[in-house]
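Undergrad: coords please:
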Amino acid sequence: MSEQIRHNCGLCVTHTLHDAYSLIKSLQHRGREAAGIAAVGDHRIDVIIWKGPVNRFDITDLYKIFPSPNYHTYMGHVRYATRGRKDEILEDAHPHTIGGKREDRGNHILIKDCELAGVHNGQVNEEYLLAVDKALLKTGCDTEALLHIFREKGEFEIMKKIPGSYTMAIADKRRKEIVVLRDRTGIKPGVLGWKDGKYGIASEDIAFRKNGGSFVEDLEPGSIYYISPEGEYRRNEVVKPARTFCFFEWNYLADVDSVLNDISVRRVRTALGETLSEEFVPDDAELITFLPRSPEVAARSYANKTGIPFEPVFYKMRGERAFQGSTRGERKESIDENLHMLSVKEKLKGKCIITIDDSIVRGNNSRRERDLLYDEAGVNKGYHVNYSPPIGIVGEDGVPRGCLFGVDMPPDDDFIARGRTLDEIGKEMKMPIVYISMEGMLEAYEKLGMPREHLCTYCIGGKHPFKVNF
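TA: Model prediction:
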């Protein structure tokens with residue numbers, strides 16, 4: 001466990017194999033490098049994990065592996081690997097398990113008759129898992145360590161004593177109910193949904209709404225939910241919530257049509273575009289565009305407020321997010337192969353363009369954008385304008401920032417903003433770079449009903465979200 005695996009993931013708990021498959025497919029934007037399903041029956045848990053996106057494995061054949069009469073509940077998961085662990089994608093993929101007979105099939109793994117299985121979105125750092133005997137662990141993943149704590153001490157001990165970010169579902173063949181935990185901060189999203197007369201869990205409400213179900217409520221931070229085989233649920237509040245939601249979920253990670261913690265992702269991005277229009281409007285700008293796909297709503301909002309014409313300039317061949325590639329080389333390859341320019345070069349030559357983006361982390365997408373605009377289209381100037389403040393800076397307390405809570409932006413990453421002034425970032429990127437102000441972003445959230453003290457802003461210089469709460 002020398003290096004905890006960081007991940008941004010999507011998960012679900014449902015009562016049919018078809019729903020588990022469909023829901024994690026609707027959460028594919030949260031992870032594309034591995035998928036997995038745990039099938040839970042009476043005193044039996046069977047698991048499959050496979051490389052690639054959800055549709056890499058056909059649902060028809062999953063039914064052959066998991067005959068419906070044998071199971072009553074399913075846990076699904078999508079994940080992206082990080083920190084260069086591409087060669088161990090299946091070893092680290094979810095569901096994680098304790099016990100069971102493992103059958104390695106190359107590009108997928110079957111684990112039959114497990115003792116426990118767990119799916120998790122978030123991150124718990126190693127310093128909080130030292131009580132776990134490392135000899136028991138087969139991976140470096142925090143999820144497996146949490147399963148061992150659950151087996152020995154139970155879910156209440158996790159909620160009360162383990163700080164970190166986790167929306168997590170656990171199946172235990174000694175129990176009938178699936179146990180679902182959302183830590184007291186609620187950094188990672190989680191919702192209760194309803195479909196075909198039964199309750200389930202998903203990372204985002206959009207997973208239920210896209211598949212004929214309905215949203216019931218956000219999982220309450222600090223609470224444990226129990227999902228029965230019959231599709232009923234009960235909730236137990238264990239610790240008082242200390243809400244500290246991840247702003248990056250709204251700005252980038254979540255589906256644009258999701259509603260997280262009662263706040264619409266679409267409305268947030270609209271408000272951030274409006275705030276940008278109040279903070280930055282250059283006199284020479286002639287056209288507004290965006291880097292696909294998350295920033296489109298903000299770009300249209302910015303254009304509406306400024307009156308500057310809006311036009312799509314770039315497109316992607318696939319919906320994958322290069323941000324989620326596990327190595328620098330894979331991220332660059334994904335961008336070069338996937339991000340292209342529409343047939344609008346004649347409209348752009350000699351003009352001043354504003355490209356709205358959600359953020360700059362490492363600068364890979366932005367460099368590709370710069371090359372397309374300047375070298376291929378011949379623009380006179382291209383402003384790259386972000387509706388997130390600089391990520392990965394060194395805070396006023398002297399601590400290098402990054403994410404410690406489940407997004408692939410660890411503090412030792414190669415952040416473009418680290419140690420550079422705004423002018424130096426522009427020189428590095430070879431084009432003007434603009435960021436929304438921290439105050440402007442927080443005010444946009446507050447206008448929509450989200451208090452600033454309920455947002456985790458650690459990666460952009462804010463305070464640590466939970467050290468003071470334990």
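
Undergrad: Now the element after the helix or strand of the chain with the lowest mean pLDDT, going C-ward?
TA: Lowest mean confidence among the helices and strands of the chain (mean pLDDT, DSSP states H and E): helix 328-338, at a mean of 66. Next along the chain after helix 328-338, taking DSSP states H and E as the criterion, comes strand 339-341.

Undergrad: In the stretch 1-150 of the chain, what residue spans correspond to helices?
TA: 17-26, 59-65, 89-92, 142-153 (DSSP state H, counting those that start in this stretch).

Undergrad: Please identify the deepest-packed of these.
TA: Highest mean neighbour count of those: helix 17-26, a mean of 24 (counted as mean count of other C-beta atoms under 10 Å). C-betas here are computed from N, CA, C, even on glycine.

Undergrad: what packs against it?
TA: If you count contacts as 3 or more C-beta pairs under 8 Å, 6 or more residues apart in numbering; DSSP states H and E, helix 17-26 packs onto strand 9-14, strand 34-41, helix 59-65, strand 73-79, strand 198-202, helix 205-209.

Undergrad: what about the spatially closest residue to M341 that is not a sequence neighbour, how many residues close to it?
TA: Of all residues beyond its chain neighbours, the one nearest M341 is L372 (4.8 Å), with distances taken as C-beta to C-beta, 6 or more residues apart in numbering. L372 has 20 neighbours, counted by other C-beta atoms under 10 Å.

Undergrad: Then the one 4 residues further on?
TA: The local packing of E376 (other C-beta under 10 Å) involves 13 other residues.

Undergrad: Is it correct that it is in contact with S343?
TA: No. Counting by C-beta atoms under 8 Å, E376 stays clear of S343, with 11.4 Å between them.

Undergrad: which element is G402 on?
TA: Applying DSSP H and E, one finds G402 in no helix or strand.

Undergrad: so what's it up against?
TA: Taking C-beta atoms under 8 Å, 6 or more residues apart in numbering, we find G402 in contact with 391-392, 409-413, 415, 459.

Undergrad: That one and G461, how far apart?
TA: 11 Å (C-beta to C-beta, to the nearest Å).

Undergrad: And for P312?
TA: From P312 to G461 the distance is 33 Å (C-beta to C-beta).

Undergrad: Over to K51?
TA: According to C-beta to C-beta, K51 stands 37 Å off from G461.

Undergrad: again, but for M168
TA: 28 Å.

Undergrad: for this structure, longest helix please?
TA: Longest helix of the chain, by residue count under DSSP state H: helix 265-279.

Undergrad: Quick check: buried residues in that helix?
TA: 265-277, 279 (16 or more other C-beta atoms under 10 Å).

Undergrad: to the chain's geometric centre, what's the distance from the next helix or strand after that helix?
TA: The first helix or strand that comes after helix 265-279 along the chain, using DSSP H and E, is strand 287-290. Using C-alpha atoms, centre = their mean, to the nearest Å, the mean C-alpha position of strand 287-290 is found 26 Å from that of the whole chain.

Undergrad: so what does strand 287-290 touch, helix or strand wise?
TA: Secondary elements touching strand 287-290 (3+ C-beta pairs under 8 Å, 6+ apart): helix 296-306, strand 352-357.

Undergrad: Quick one: mean pLDDT for the longest one?
TA: To tie it back to what came earlier, the one meant is helix 296-306. Helix 296-306 shows a mean pLDDT of 98.

Undergrad: Report the inter-axis angle for that helix versus helix 265-279.
TA: Inter-element angle recorded for helix 296-306 and helix 265-279: 40 degrees (by axes from the mean of the first three to the mean of the last three C-alpha atoms, to 10 degrees).

Undergrad: could you say what helices and strands helix 296-306 packs with?
TA: Helices and strands touching helix 296-306, by 3+ C-beta pairs under 8 Å, 6+ apart, are helix 265-279, strand 287-290, strand 352-357.

Undergrad: buried set for that helix?
TA: 296-303, 305-306.

Undergrad: Now pLDDT too, for the buried residues of helix 265-279, in CSV please.
TA: Shown next, in CSV, are the buried residues of helix 265-279 (pLDDT from 0 to 100):
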residue, pLDDT
V265, 98
R266, 98
R267, 98
V268, 98
R269, 98
T270, 98
A271, 98
L272, 98
G273, 98
E274, 98
T275, 98
L276, 98
S277, 98
E279, 98
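
Undergrad: quick one: buried residues of stretch 415-424?
TA: 415-418, 420.

Undergrad: can you tell which of the helices and strands packed on helix 296-306 is closest to I433?
TA: Closest to I433 of the helices and strands packed on helix 296-306 is strand 352-357 (C-beta to C-beta; 9.7 Å).

Undergrad: Right, I'll call it a day here.
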